[in-house]
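Enquirer: build me a model:
(chains A and B)
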Amino acid sequence: MKEMYTITAFSENHIGLLNRITIVFSRRHINIESLTVSSSEMKGVHRFTIVIEEDEELVNKVVKQIAKLPEVLRAAYFQNDDIIYREIALYKISIDSAIDKNLEHLLREYNARMVDIQKDFVIIEKTGHVEDTEKLYDMLKHFNILQFVRSGRISISKQKKELSAYLSELPINEYVKG
Amino acid sequence: MKKISGAEAILRSLVEEGVDTIFGYPGGAIMPIYDNMHIQDHNINHILVRHEQGAAHAAQAYAQVTGKPGVCFATSGPGATNLLTGVTNANLDSIPTVFITAQVPSHLLGSDAFQETDMVSLSMPVTKWNYQITKAEEIPDAIAKAFHFAKTGRPGPVLLDITKDAQINEFDFRYKKIKSIRSYIPKPQLKSTDVDEAIAMIQKSKKPLLLAGHGILLANGRDELLSFVEKTEIPAAVTLLGKSVIPEDNPNYVGMLGMHGNYAPNILTNRADLIIAAGMRFDDRVTGDLKRYAVNAKIIHVDIDEAELNKNIAADLAINADIKEFLKEITPKISYKTDSAWLSEFERLNKIETDKVIKPECFPSTGKIRSGEAIFRLSEQTKGEAIVVTDVGQNQMMAARYYKYMNPNTLITSGGLGTMGFGLPAAMGAQVGQPEKTVVLFAGDGGFQMTFQELGTIFQYNLPVKMMILNNNFLGMVRQWQDLFMDKRYAETIMPTPDFPLMAKAFGINSNIVVERENLDKAIYDMLNTPGPYLLEVKIEQETNVFPMIYPGSAVDEIVLEG
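Expert: Purely as a prediction, here's the structure:
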C-alpha cells in the first residue's frame, strides 16, 4: 500500500551528491514529493529530507541504495507518525486587501504572522503541515494573493537519539601512515 | 620540497597504488599527462588501444585476471564518452576499475568549450564513485579515494575527471593511502548469531542447494568455498559470473544456473528446501519468474552489499557480510552431510541433459561443425586451463556451457550488461595481465565486428591471443528468439561477413578457416601451437539454438531441452 514516507539522509558536503541521490529515485520512476537539503549541525555534513509516496518495501530498497553511496553517512526512513514535520509557506497579499480588518483575525486563527510590510503588499508566513498551509491559502484567496511559495518538508524523528547523534561518533577519515 | 606538476602527481600517485599498466588513448586535454609519461620513467606500461571502449573492456579483463584494479586514460569529450559502455559493464559486473578522463581547463567548465562533456554527470549512474579534480592539490587525495572505493567492499568502477589546468599547475606532492573513510563501511561485521542461525537452517534441511556467485571470486574465497562444499557435500551450482569458482570436475559441482544453464540445478531450485545464495544477486536471467522461484525453499542470502539483500528475492536469513569470512567461519562449526539421494537427483537429471543436449552438441557426426563442439574440442586440448574470454550471445552461452573451467577467474565475460563487442578488447586486456597464460577468445561474427579495430593493438604489442570466431552469418541469439517467438521473421539478423583470415593477415596475424569437421582438431592444435596471435574462423551450423532454455516469463523448473 502506498503511503507517505520521509527519508532522511546525511552526506558529505560534496558537489554532485544531490544528483547521485536523486538518480536512485529517477531510475525507479519514483516521483519526489518534496526535497529539502541544507547543512546539518555537523560541519561539512548535509542533511537531505525527501518525501515520497510509495510502498514500504520499495522505500526500504531505495533507502538501502542511498545508504550504500560511498559519501552518504547514514540514511533512514520514517512514517508521518514517527516524526515531527513542518513546512513553511509565504503569501504575498496586496496592501489594499490587507487593510481589510478581517485579515488580522484570520492570521490569529491560523497561527500565521505578518513578516514584512511594503508599500504595495504584505508578506504572511505560516508554518505547519501541507493541509494547514493549503487551508490558509484557500482562506486568503479573496484577499488577492499576489504570490505564494512553500518549502519542502523538514522533520525531526521522535526517537530519543537523533540520527545525527550517531554521526558525531564516527571517526574522521584515516590515512595509512607513510 | 620540490614542486611537481599535476600530471606528474597523477602518475606518481598511480605508482604509489601499485599501478604498472594503463590502457588508454591520448587527445588534447590529456596531453600534459602523456607528455609527462614520455619525459619521465614511471615504469608504467601504457597500452595504446584503437578506441577508448576497447581500453575500458581491456582494463576490466586485466583486473579480473590479475586481481589488481584496471586503469584507463582517455581525453575529454568523445574520448571520455567512448569509455562509458565499458564503465557501465564494469559497474554491473562489480569490477575494480579506475577511469581517468581529462577535462577542459576549469575556467571553461560549463561553457560548451571544445571537447567539453560533463563526464561527472554522465558517469554518475554507472560508477561507484566519481569526482572532478579542478586543482592540482586535490590529486593525491582523490586518487587515494578512487582506489579505496574501487577495490574495497563490493568493487566497482570509479571515474576521476581532471581539468587541464589541474594537470599543469605545480604543488607540493605528498601521497597518503586511505585507510578508512567515515561515510563508507566496506566490510560489514559478520555476526556469530547469523552463522549459528545459518547452521541451524542447514542442519534442518534435507535438500540444500548452494548458489555460488561472482562475489566469491571477488572475495578471493575459493578455498573457503571448496572446504565448505567438501565437508557438507552440499551440491554447488554457479551463476554465469560464478563460473570457474569451483573446478568443474568437483564431485559436488552441479552446473550453471539460469536461462541457458544446466537442467538439473534449474529444476532442482524448485525442489530444494534450502537455498544458500553466496555472493550472488538473483539476476532475472538466473531466477526466471520471481513468483515461482525457489517455491519450496527457505533462503539464506549472504552478500557484502546490503542493498542486494531482499532486493529481488526475500531472504529468510539475510546476512550482510564478506562471503569469504562467512564461509571461513561456518565450515569448522557445521556438522552436516548431504543425503546422497538428493545428490543422485542431480545425476539423474544431468544424464537426461547429457543425452538430449550435450552429446548431440559436442559429438555430432553429421552436418556442419557446431559451436559447442568447437568449444569442447578446444577445452579438451587446453585441459580446461586456458583463460577464456567471450563475446555476448550464443557464443557466450556455449563457451560457458562447454568449456570445462578448472582454475579461478578463467571466464571473462560480460554478464550484467551483455555487451556485444566486449570479447576482443577484453581478451587483449586479459593477455596483457597474464602474458604467460593461454588466452582464448570465443566470439560470434557479429560481436567480433563491433570492436575488431583492436586487432591493431594485438598486432602492435604482439599479444598471443587465440581468437576463435564462430561464424554462422547470423546475430545468433537474436535469431534464436526470432525463431522461437517471432515465427522466424529474421529481421536484420542475417549478416554477410568479411574474409576474417584475410583481415587478420592485413594486421600480420596468423589465421586459418575451418569448415569440415575432420579438420577441426588440427586447426585448433595449429592455433594453440603457433606462437603469437592467431585467428581461427570456424564456419558453424547457421540456425542452431542454445538449449536448455528457460523461456522469458517461465519458472526455473519449466526449463526446456528443445524448442
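
Enquirer: contact partners for A:V24?
Expert: A:62, A:65-66, A:69 (Cβ atoms under 8 Å, 6 or more residues apart in numbering or on different chains). In this view, the C-beta of every residue, glycine as well, is placed from N, C-alpha and C.

Enquirer: kindly report the same for B:I524.
Expert: B:374, B:377-378, B:381, B:468, B:536.

Enquirer: so where does it fall, helix or strand?
Expert: Counting by DSSP states H and E, the element that carries B:I524 is helix B:520-529.

Enquirer: I'd guess A:E57 is in a helix, am I close?
Expert: Yes. The assignment for A:E57 is a helix, going by DSSP: H, G, I helix; E, B strand; the rest coil.

Enquirer: mind checking pLDDT for it?
Expert: What the model reports as pLDDT for A:E57 is 95.

Enquirer: okay, buried residues for the helix holding B:I524 please.
Expert: B:520, B:523-524, B:527-528 (16 or more other Cβ atoms under 10 Å in any protein chain shown).

Enquirer: now, which of the residues you listed sits nearest A:A98?
Expert: Minimum distance to A:A98 across these is 89.1 Å, recorded for B:M527 (Cβ to Cβ).

Enquirer: domain map for the chain?
Expert: Picking chain A for this. A:3-83+A:155-167, A:86-153 (automatic domain parsing).

Enquirer: wrong one, chain B
Expert: According to automatic domain parsing, the ranges for chain B are B:3-172, B:192-346, B:368-539.

Enquirer: and these as CSV, adding distance to A:S97 and mean pLDDT?
Expert: Formatted as CSV, the domains of chain B follow (distance: least, Cβ to Cβ, whole Å; pLDDT from 0 to 100):
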stretch, distance to A:S97, mean pLDDT
domain B:3-172, 44, 97
domain B:192-346, 53, 98
domain B:368-539, 61, 98
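
Enquirer: any chance of those domains in CSV, plus distance to A:H29?
Expert: Putting these into CSV (distance: least, Cβ to Cβ, whole Å) gives the following:
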stretch, distance to A:H29
domain B:3-172, 14
domain B:192-346, 16
domain B:368-539, 20
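
Enquirer: buried sites along whichever strand or helix holds A:S155?
Expert: Using DSSP H and E, A:S155 falls within strand A:154-157. Using 16+ other Cβ under 10 Å as the test for burial, strand A:154-157 gives A:154-155, A:157.

Enquirer: where do the helices of the stretch 401-550 of chain B begin and end?
Expert: B:423-433, B:445-450, B:455-460, B:476-485, B:500-506, B:520-529 (DSSP state H, counting those that start in this stretch).

Enquirer: now the second one, how far from the centre of its chain.
Expert: Read it as helix B:445-450. 18 Å (Cα atoms, centre = their mean, to the nearest Å).

Enquirer: can you pick the most crowded of the contacts of A:V24?
Expert: If you count neighbours using other Cβ atoms under 10 Å in any protein chain shown, the busiest of the contacts of A:V24 is A:I66, which has 26 neighbours.

Enquirer: contacts only, for that residue.
Expert: So A:I66 contacts A:7, A:9, A:21, A:24, A:72, A:75 (Cβ under 8 Å, 6+ apart).

Enquirer: hang on, the fourth one is in a helix, isn't it?
Expert: Spelled out, that is A:V24. Yes. Using three-state DSSP, the assignment for A:V24 is a helix.

Enquirer: how about the nearest residue to it, chain neighbours excluded?
Expert: A:Q65 (4.9 Å; Cβ to Cβ, 6 or more residues apart in numbering or on different chains).

Enquirer: check contacts around the residue nearest the centre of chain A.
Expert: When Cα atoms, centre = their mean is applied to chain A, the residue found nearest the centroid is A:R153 (2.2 Å). For A:R153, the contact set (Cβ under 8 Å, 6+ apart) comprises A:6, A:34, A:36, A:49, A:51, A:85-87.

Enquirer: now A:T22
Expert: A:32, A:35.

Enquirer: give me the distance between the two termini of stretch B:505-522.
Expert: 20 Å (Cα to Cα, to the nearest Å).

Enquirer: strands along chain A, start to end?
Expert: For chain A, the strands defined by DSSP state E occupy A:3-12, A:32-39, A:45-54, A:72-79, A:83-94, A:113-117, A:121-128, A:145-150, A:154-157, A:174-175.

Enquirer: go through the longest one and flag the buried ones.
Expert: Going by neighbour count (16+ other Cβ under 10 Å), the buried part of strand A:83-94 is A:83, A:85-87, A:89-93.

Enquirer: go on, the fourth one?
Expert: For strand A:72-79, the buried set under the neighbour-count rule, 16+ other Cβ under 10 Å, comprises A:72-78.

Enquirer: which ones, among those residues, also lie beside chain B?
Expert: Within the set of the buried residues of strand A:72-79, contact with chain B (Cβ under 8 Å from any Cβ of the partner chain) is found for A:72-73.

Enquirer: pLDDT added to the buried residues of strand A:72-79, as CSV?
Expert: CSV is the format used below for the buried residues of strand A:72-79 (pLDDT from 0 to 100):
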residue, pLDDT
A:V72, 95
A:L73, 93
A:R74, 91
A:A75, 93
A:A76, 93
A:Y77, 94
A:F78, 95
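
Enquirer: B:T21: which of the buried residues of strand A:72-79 is nearest?
Expert: Scanning the buried residues of strand A:72-79 for proximity to B:T21, where the rule is Cβ to Cβ, the winner is A:V72, at 32.5 Å.

Enquirer: residues in chain A within reach of chain B, list them.
Expert: A:11-12, A:14-16, A:19-20, A:23, A:27, A:60-61, A:64-65, A:67-68, A:70-73, A:170-178.

Enquirer: at 6 Å what do you get?
Expert: A:12, A:16, A:19-20, A:23, A:61, A:64-65, A:68, A:70-71, A:73, A:170-176 (Cβ under 6 Å from any Cβ of the partner chain).

Enquirer: make a PyMOL selection of the buried ones in those residues.
Expert: Buried members of the residues of chain A next to chain B, defined by 16+ other Cβ under 10 Å, are picked up in PyMOL with:
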select buried, chain A and resi 12+20+23+61+64+65+68+70+71+73+170+173
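
Enquirer: looking at the residues of chain A next to chain B, which are in helices?
Expert: A:19-20, A:23, A:61, A:64-65 (DSSP state H).

Enquirer: Throw the residues you listed into TSV and include pLDDT, thanks.
Expert: Output for these, formatted as TSV (pLDDT from 0 to 100):
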residue	pLDDT
A:N19	96
A:R20	96
A:I23	97
A:K61	96
A:K64	96
A:Q65	96
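
Enquirer: which one among those residues gets closest to B:A294?
Expert: Closest to B:A294, out of all of those and judged by Cβ to Cβ, is A:K61, at 19.3 Å.

Enquirer: could you check how far the residue nearest to that closest one when sequence neighbours are not counted is from B:F282?
Expert: Nearest residue to A:K61, sequence neighbours excluded (Cβ to Cβ, 6+ apart): B:K311, at 5.9 Å. Distance, B:K311 to B:F282, by Cβ to Cβ, to the nearest Å: 7 Å.

Enquirer: looking at these two, which is more packed in?
Expert: B:F282 (24 against 18).

Enquirer: now the more buried one. Nearest residue, chain neighbours left out?
Expert: B:N312 (4.1 Å).

Enquirer: and that neighbour, how many neighbours?
Expert: 16.

Enquirer: remind me which residues of chain A are low pLDDT?
Expert: Within chain A, the segments meeting pLDDT under 70 span A:162-164, A:168-172, A:177-178.

Enquirer: ok, now which ones touch the nearest residue to B:F73 once chain neighbours are set aside?
Expert: Spatial nearest neighbour of B:F73, excluding adjacent residues (Cβ to Cβ, 6+ apart): B:G24 at 3.1 Å. Contact analysis of B:G24 by Cβ atoms under 6 Å, 6 or more residues apart in numbering or on different chains lists B:55, B:72-73.

Enquirer: thanks a lot, catch you later.
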